[in-house]
Every structure is written in structure tokens, then in C-alpha cells.
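> what's the 3D shape of this:
(one chain, ligands or ions: 2)
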Amino acid sequence: MSAVARKLSVVPGDGIGPEVIDQALAALDALGTGIEVDVLDHVNADTFLRTGVALSDKDFTRIAASDGVLLGAIGDPRVSADYARDVLLRLRFDLDLYVNYRPAKLFHDRLSPLRDATRRGIDCAVVRENTEGSYTGAGGVLRAGSPHEVAIDVDITTRHGVSRIADFAFRTARREVCLVDKSNAVPFGGGLWQRHWRQAGQRHPGIGSRHLYVDAAVMKLVEDPTRFDVILANNAHGDIISDLTAQLAGGIGTSASVNLNADTGFGLYEPVHGAAPDIAGKGIANPIGAILCVSMLLDQFGCPDESEGVRRAVNAAIGTGRVTPDLGGVLRTDEAGAAVRAKL
Ligand code: IPM
Ligand code: MG
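Ligands and ions are numbered 1, 2, ... in the order given. As a prediction, this is how the structure comes out:
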């Protein structure tokens, strides 16, 4: 047990978010790390519908003053996409969480959608630039409502943004960084990525470099995912590729991520699955993505043994089939969470 005086904010959010966060917090509690937890359970679509405010300045400040934030899911079919932008993207941008790190490791053969056993050893990570690209909201609409309406979304690439995310990718890679882009069709940003990814590679001589266009990359990921270590991509490409790697690794329900400022160590930990309104309230959501977020944050909070313990417990629960229906089991969300805790 480590002596940690750290404070974690928790935003359960919408849909299945609160259900999976309950299980993540129960796992954290079972470890007895002494991490203080501050739950903001009013940050959700209900509050937004009632007040028109997605994330108040007061709540933003409260989160920013903590050492990290665990988030269930943000999104609700009753509200516009602006709501997710105002909560999730605001946290990413205003806290400068420039890394979106999404590892994908296949926990058990039976979960692989790939029939050929030699292709199943998937153990890679998507390193997604998380503060620029086409996500900044720069742009606008001209001649709205007229037959000549024009919409512009600006795709922003900066040397600072590319250099720091490429450095992170090379620091975390074990063998190789594969840059994925569309520089054959999108030349200016693509060229900047190429130049500063290459320079970052020179700063990390022990790690290999490879480049693929994004269309070829998704094809090769399905053909043989074992060939990938770290996949480095811009915001939009990283968003798409990380859903693919999550599914290749046994399902999006098992996938965890961190939105990180690698300079300050502040992270927003988030299961990749989202709010999943179609299964919300049914008690069948897979808690493993959220529980693996706890493992990630324990690493960052200086508890590597507890972090490894959570990963082992998840492995054991999956190995014995004590899982929710999406992984072929029959357990409900709380039972699947308890099955992991039983192995801690
Ligand atoms: C994700 C989500 C978000 C994104 C949405 C909800 C804006 O898909 O975290 O991957 O595109 O970043
Ligand atoms: Mg996504």
C-alpha cells in the first residue's frame, strides 16, 4: 500500500457512465490507496437540460485543482453535440491534455475477432494528438440558411503540438512509432507532421519509425495487428483508429484511455466506450474499461504495484469468463466488477 496524498475528481456523467464508474470506484476503494475522491455527479446532461450550462466555471476550477479526473461518459441523445464539446473538449483544451493515450491489448484469445491465431497478439497503443487538428472549433458558417451555405472547419497543425506528441510517442514506444496521416492528400499539415515526427525520431535513436497513410493503416491493422507498437496520429485519425484497435483487442468495453498533460502529469481518465444510451440503466454495461482507467491513474499517482494488481485481476476475471454479455459472459455490471475485485 502506498502513502499517497492525492485527490481524484470523478465525473460519472451520462448513460452507462455512472454504472461503470461505481465499479471503478469500488475497485479503487478495495485497494485502500488513500487517494481522496471528489465526485461531481451533477455534471451531466440532466443538469445541462435544466440550466443550459454544461460545465460551470466553478466545477472546472474544482477539477483543475485536483490531481486528475476519472470520467465515465459524456453524451446524451436529448442534447446537441455542443454539450460533449463543452464538457469533454473543454477539459481537454483548457487543461492542455495534449496526449490521448489508448492502449489495446488482447486479454484472451476467445475475444479476438480475428480467426487466425497468429494474428491475435495485439498489444499496441494509439497516441492521439488531443488539442488541435480539426477539433478546435475554429471555422464557421457563411450564408447560413441560403442555397449557398458554406461550412468551414479549420484543420490546425502546429510545430509545438506535433513535436510534443511525437516525443511522447517515442518515449512510450517499446519498438517503433508508426506515424499515420493523409499527407498525400492533405499536404500542409501532413508535411509538418512528417518533418517534426522525423526530428523527434532522431531524438530517440533506439526506437524505429514507420509511416503509413491512414487508409492503408486501417487495412494493415486488420490484416496483422501484431505488427504495430505505437500508432501516432492527429486528433481525428486517432479518434477513429482507437475505436478499431479497441475492437480488435476484444471489444470497446475493455478499452481505457488517458487524456494527459505529460508535462504536469494531470490526466483525464476515460473508458473509450462512451455513454451507450441504448444499454444505459439495464445493468449490463461492461465495467472493465472504467476499471482499467483506475489501473492507468494508479500508475500516474505513484502506485505501480496496485496498478499492475488491477490489470492482473482483470486478466483473471476475463480468463475465467466472469464477465458481462458483450464478452460472452452472463454477469451483470456489478457482478463483473465484483469478479475483478475478488481477484485483487
Ligand atoms: C472520444 C469521443 C469524442 C472524440 C467525442 C465524444 C467528441 O469519440 O473520446 O473518442 O471524438 O474525441
Ligand atoms: Mg471516439
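
> alpha carbons only for contacts and neighbour counts from here, please
Will do.

> By mean pLDDT, point me to the weakest helix or strand of the protein.
Of all helical and strand segments in the chain, the minimum by mean pLDDT, DSSP states H and E falls on helix 82-84, at a mean of 91.

> Which positions in that one come out as buried?
Tyr83, Ala84 (16 or more other CA atoms under 10 Å).

> same question, stretch 261-276
In stretch 261-276, counting by 16+ other CA under 10 Å, buried: Asn261, Phe266, Gly267, Leu268, Tyr269, Glu270, Pro271, Val272, His273, Gly274, Ala275, Ala276.

> Make CSV out of those residues and add pLDDT and secondary structure.
Formatted as CSV, the buried residues of stretch 261-276 follow (pLDDT from 0 to 100; DSSP: H, G, I helix; E, B strand; the rest coil):
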residue, pLDDT, secondary structure
Asn261, 98, coil
Phe266, 97, coil
Gly267, 98, strand
Leu268, 98, strand
Tyr269, 98, strand
Glu270, 97, strand
Pro271, 96, strand
Val272, 93, coil
His273, 92, coil
Gly274, 93, coil
Ala275, 96, coil
Ala276, 96, coil
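
> could you point out which element follows the least confident helix or strand of the chain?
Going down the chain from helix 82-84, the next helix or strand is helix 90-94, by DSSP states H and E.

> Dump the C-alpha coordinates for that next one into PDB.
Presented in PDB, the C-alpha positions along helix 90-94 are these (Å, rounded to 0.1, in the frame of the first residue of the first chain):
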ATOM      1  CA  ARG A  90     -13.200  22.000 -22.800                       C
ATOM      2  CA  LEU A  91     -11.400  19.800 -20.300                       C
ATOM      3  CA  ARG A  92      -9.000  18.600 -22.900                       C
ATOM      4  CA  PHE A  93      -8.300  22.000 -24.300                       C
ATOM      5  CA  ASP A  94      -8.400  24.200 -21.200                       C
END
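
> oh, and call the first residue 42 from now on, that's how I've got it
Noted, 42 is the first residue going forward, which turns the last one into helix 131-135.

> how about the helices of the stretch 242-385 of the chain, start to end?
255-264, 276-289, 329-341, 345-360, 374-383 (DSSP state H, counting those that start in this stretch).

> Check these for me and report the most buried one.
helix 329-341 (a mean of 25; mean count of other CA atoms under 10 Å).

> Would you mind getting the angle between that helix and helix 374-383?
40 degrees (axes from the mean of the first three to the mean of the last three CA atoms, to 10 degrees).

> Let me see the mean pLDDT of helix 329-341.
Helix 329-341 carries an average pLDDT of 97.

> That helix - contacts with which helices or strands?
helix 58-72, strand 109-114, strand 297-301, strand 308-312, helix 345-360 (3 or more CA pairs under 8 Å, 6 or more residues apart in numbering; DSSP states H and E).

> Repeat the analysis, applying 6 Å as the threshold.
helix 58-72, strand 297-301, strand 308-312, helix 345-360 (3 or more CA pairs under 6 Å, 6 or more residues apart in numbering; DSSP states H and E).

> hang on, the earlier thing: the buried residues of stretch 302-317 into TSV, with extra columns for distance to Ala114?
As requested, these are arranged in TSV below (distance: CA to CA, whole Å):
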residue	distance to Ala114
Asn302	20
Phe307	19
Gly308	15
Leu309	12
Tyr310	10
Glu311	7
Pro312	8
Val313	8
His314	8
Gly315	5
Ala316	5
Ala317	9
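
> need the contact list for the closest residue to Gly249 other than its chain neighbours.
Residue nearest to Gly249 in three dimensions, not counting chain neighbours: Glu217, with 4.3 Å by CA to CA, 6 or more residues apart in numbering. By CA atoms under 6 Å, 6 or more residues apart in numbering, Glu217 lies in contact with Ile248, Gly249, Ser250, Asp270.

> The same query, at a cut-off of 8 Å, please.
Phe211, Ile248, Gly249, Ser250, Arg251, Phe269, Asp270, Val271 (CA atoms under 8 Å, 6 or more residues apart in numbering).

> re the thing from before, let's have the helices and strands packed on helix 329-341 in a markdown table, adding distance to Pro228.
Below are the helices and strands packed on helix 329-341 laid out as a markdown table (distance: least, CA to CA, whole Å):
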| stretch | distance to Pro228 |
| --- | --- |
| helix 58-72 | 39 |
| strand 297-301 | 27 |
| strand 308-312 | 32 |
| helix 345-360 | 41 |
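
> Now do the strands for the stretch 92-241 of the chain: every range, in order, please.
109-114, 140-146, 164-170, 180-183, 191-194, 217-222 (DSSP state E, counting those that start in this stretch).

> who wins for proximity to Gly378 among these?
Closest approach to Gly378 among the strands of the stretch 92-241 of the chain (CA to CA): strand 109-114, 14.7 Å.

> For the closest one, list the C-alpha coordinates in CSV.
Extracted in CSV, the C-alpha atoms of strand 109-114 (Å, rounded to 0.1, in the frame of the first residue of the first chain):
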residue,chain,number,x,y,z
GLY,A,109,-6.6,14.0,-12.1
VAL,A,110,-10.1,13.3,-13.2
LEU,A,111,-11.9,10.0,-13.9
LEU,A,112,-14.8,10.4,-16.3
GLY,A,113,-17.5,7.9,-17.1
ALA,A,114,-19.0,9.2,-20.3
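
> re earlier: using TSV, lay out the helices of the stretch 242-385 of the chain together with distance to Ala158.
Compiled in TSV, these are given as follows (distance: least, CA to CA, whole Å):
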stretch	distance to Ala158
helix 255-264	12
helix 276-289	13
helix 329-341	24
helix 345-360	17
helix 374-383	26
